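[1] next come a sequence and a model predicted from it.
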Amino acid sequence: QSIMMNLKYVSTLVLIVLALSTMIATAKNNELTPMSIKLALTQDVTQMRITWNTRAHGSSPLVLYDTQPFNTSNFVRLPQLEANTEHIYQALGGGWNEYVNTALLTGLTASTTYYYSVGEKDELFFSDVFNFTTAATDFNADVTPFSIVVYGDMGIWGGSQQNIQRITERVDDFSFAFHLGDIAYADLTSGSKDLGNETVWNEFLDMVNPITSHIPYMVCPGNHDIFLVDFDIYRHTFQMPCPVSDAWYSFDYNGIHFLSYSTEHLVTDLSPQHNWIENDLKNYRKKNPDGWVVVIGHRPFYCSTVWDYCNKDTYKGMSMIDSLEHVFYMYNVDLYITGHAHAYERTLPMLKGKAEYGTYDAPRATVHMVIGTGGNQEGPDGGWDEPAPAWSVGERLLDTGYGIFDFTNSTHLHYSFVNATTNEVRDEFWLTKGNW
Ligand SMILES: *[C@@H]1O[C@H](CO)[C@@H](O)[C@H](O)[C@H]1NC(C)=O
Ligand SMILES: *[C@@H]1O[C@H](CO)[C@@H](O)[C@H](O)[C@H]1NC(C)=O
Ligand SMILES: *[C@@H]1O[C@H](CO)[C@@H](O)[C@H](O)[C@H]1NC(C)=O
Ligand SMILES: *[C@@H]1O[C@H](CO)[C@@H](O)[C@H](O)[C@H]1NC(C)=O
Ligand SMILES: *[C@@H]1O[C@H](CO)[C@@H](O)[C@H](O)[C@H]1NC(C)=O
Ligand SMILES: [Fe+2]
């Protein structure tokens, strides 16, 4: 009798322990589920940065990768790379909860598809297998054709969902994405202006995960990414190719030079960012006088929307156009691409407000584009100045949609703007390389 009682007691205990350990394991797995899996380019085309968020600090964050598709249950036989984990958000005192895991893949082969999964070695817990393809060429090589998708001002409400879906449907067409600032609008819910809203930020990262896990997601900061001290959430989340304390960087991709800067930091003469931009362009031009140079930033110099967010717009009283336009001109910057105005517009080659520098056929000054059409909750701009200024050419649109740059060769690039509802190309043009 008493043995029976004991057995019953022991087996109940065993069941409870089993149930508890399953619950703990599941809880731990939930805490370590990789979220926001993202790729980012570095300055070295043989590298790829992979980041992901977890709710807890794992003991063994890890990337598995190979040039063949694989099953993560065979992980022992696969190349593995340990990741670093930081609990940056809480350390900042903002009460954010995520951990950011970062791994830098190095020594990758050009023009090659890699398969990868992220997870926890100790827990035998891995994500789905994703893939990305590396760039074709090294610095200064000829242009190898490629396309990128570009938009700004997105967030989680408004038309952004539809826009993201359209981009996702054809994500294989693009080598990387450029988000031109105003990323999640995580500063707009009540009380979140300074600390940001973690729920909104994470929901945005979830929405773009099909893009960010497959092609590098390159960003610049916008005025809605400014929260929590000095954009710390923005910087630690996206891990762009610069020291994490900076918000400006450049890189070369298939023979094109890209420079992304922060319109939310000082750009006045002698400011650290101004010096950096000038040096970067000067050094690039010494090595490559004829190469395409594309500058990315959040705030435009020129637009003709009724909400005037352009050349009269200032950051801390400084005028970006006064600080930078002559620098772009001096170093033959071909394109300056921005968001901020919730509209789509492009200019003739411009300098000092004048369109006297030729056409898109070998222009003699920088061409400006606004693609603030991500579909954010603030809605499109109120309309257009009428009549359109002579420098505003092509369609002026208030659509939600995205831009595609096809870098064809050393003399030609093609651009198109796609409406995310109808999938129609609403504006397009060819630009030939201007050397002035
Ligand atoms: C991976 O291998 C395991 C064990 O052989 C198997 O159960 C699972 O279905 C495989 N997964 C995939 C996605 O093929
Ligand atoms: C790579 O991933 C993309 C997007 O998830 C998918 O469409 C594509 O089929 C994958 N490519 C290969 C070769 O597995
Ligand atoms: C953050 O955003 C979510 C989703 O909109 C909302 O439910 C929550 O109240 C917001 N939190 C704060 C502090 O604003
Ligand atoms: C897409 O284009 C159509 C016209 O072609 C326009 O009526 C509509 O407003 C656009 N949609 C969006 C979301 O901008
Ligand atoms: C560059 O591409 C354009 C457009 O396809 C083509 O007309 C031109 O011949 C090409 N130039 C070179 C040098 O290949
Ligand atoms: Fe903005």
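    Cool, the structure landed. Ligands and ions are numbered 1, 2, ... in the order given.

[2] what lies in contact with the helix or strand hosting Phe178?
    For Phe178, the element it lies in under DSSP states H and E is strand 176-179. If you take C-beta atoms under 8 Å, 6 or more residues apart in numbering as the criterion, strand 176-179 is touched by 41, 148-152, 154, 167, 211-212, 215-220, 253, 258, 260, 296, 337, 374. Any C-beta I mention is one placed from the backbone N, CA and C, and that applies to glycine too.

[3] run through the residues of the protein sitting next to ligand 2.
    Residues of the chain lying near ligand 2 by C-beta under 6 Å from any ligand atom: 113, 131, 172, 214.

[4] isn't His340 right up against Cys220?
    No. Using C-beta atoms under 8 Å, His340 is not in contact with Cys220, being 10.7 Å away.

[5] what do the two both touch?
    In contact with both His340 and Cys220: 180-181, 263, 298, using C-beta under 8 Å, 6+ apart.

[6] now do the contacts for the residue in the stretch 201-350 of the chain positioned nearest to ligand 6.
    When scored by C-beta to the ion, the stretch 201-350 of the chain has His340 as its residue closest to ligand 6, at 3.9 Å. By C-beta under 8 Å, 6+ apart, His340 lies in contact with 152-153, 180-182, 222-223, 263, 298-300, 309, 313, 370, 372.

[7] for those residues, which one is nearest ligand 3?
    The shortest approach to ligand 3 among these belongs to Asp182, at 16.8 Å (C-beta to the nearest ligand atom).

[8] please name the nearest non-neighbouring residue to that closest one.
    Counting by C-beta to C-beta, 6 or more residues apart in numbering, Asp182 lies nearest to Gly222, which is 3.6 Å off, once chain neighbours are set aside.

[9] OK, contacts around that neighbour?
    152-153, 180-183, 263-264, 298, 339-340.

[10] repeat that with 10 Å
    Listed by C-beta atoms under 10 Å, 6 or more residues apart in numbering, the contact set of Gly222 reads 152-154, 179-183, 185, 231, 234, 262-264, 297-299, 338-340, 372.

[11] please flag which of these sit within strands.
    Among those, the residues falling in strands (DSSP state E) are 179, 338.

[12] in the chain, which helix or strand is least confident?
    One helix or strand of the chain scores below all others by mean pLDDT, DSSP states H and E: strand 314-315, with a mean of 56.

[13] ranges for the helices of the stretch 301-436 of the chain?
    In the stretch 301-436 of the chain, the helices defined using DSSP state H, counting those that start in this stretch lie at 320-330.

[14] show me what counts as buried in the helix or strand where Glu278 lies.
    Taking DSSP H and E as the criterion, Glu278 maps to helix 272-287. By 16 or more other C-beta atoms under 10 Å, the buried positions in helix 272-287 come out as 273-274, 276-277, 280-281, 284-285.

[15] what does stretch 424-434 give?
    426-427, 431, 433-434.

[16] quick one: neighbours of the closest residue to Glu424 other than its chain neighbours, just the number.
    In space, and not counting its chain neighbours, Glu424 is closest to Val418: 7.0 Å by C-beta to C-beta, 6+ apart. By other C-beta atoms under 10 Å, 24 other residues sit near Val418.

[17] mind listing what Val418 touches?
    Applying C-beta under 10 Å, 6+ apart to Val418 gives the contacts 149, 151, 163, 166-167, 170, 373, 399, 401-404, 424-428.

[18] change it to 7 Å
    401-402, 404, 425 (C-beta atoms under 7 Å, 6 or more residues apart in numbering).

[19] of all pairs in those residues, which one is the farthest apart?
    Tyr402 and Val425 (11.1 Å; C-beta to C-beta).

[20] partner residues bridging the residue nearest to Glu424?
    Tyr402, Val425 (DSSP bridges).

[21] where does the nearest residue to Asn84 once chain neighbours are set aside sit: helix, strand or coil?
    For Asn84, ignoring the flanking residues on the chain, the nearest one in space by C-beta to C-beta, 6+ apart is Thr102 at 5.1 Å. Recorded secondary structure, Thr102: strand (DSSP: H, G, I helix; E, B strand; the rest coil).

[22] beta partners of Thr102?
    So, taking DSSP bridges as the rule, Thr102 has Thr51, Asn84 as bridge partners.

[23] let me know how buried it is, in neighbour terms.
    19.

[24] from what I can see it touches Thr237, true?
    No. If you go by C-beta atoms under 7 Å, Thr102 and Thr237 don't touch, sitting 10.6 Å apart.
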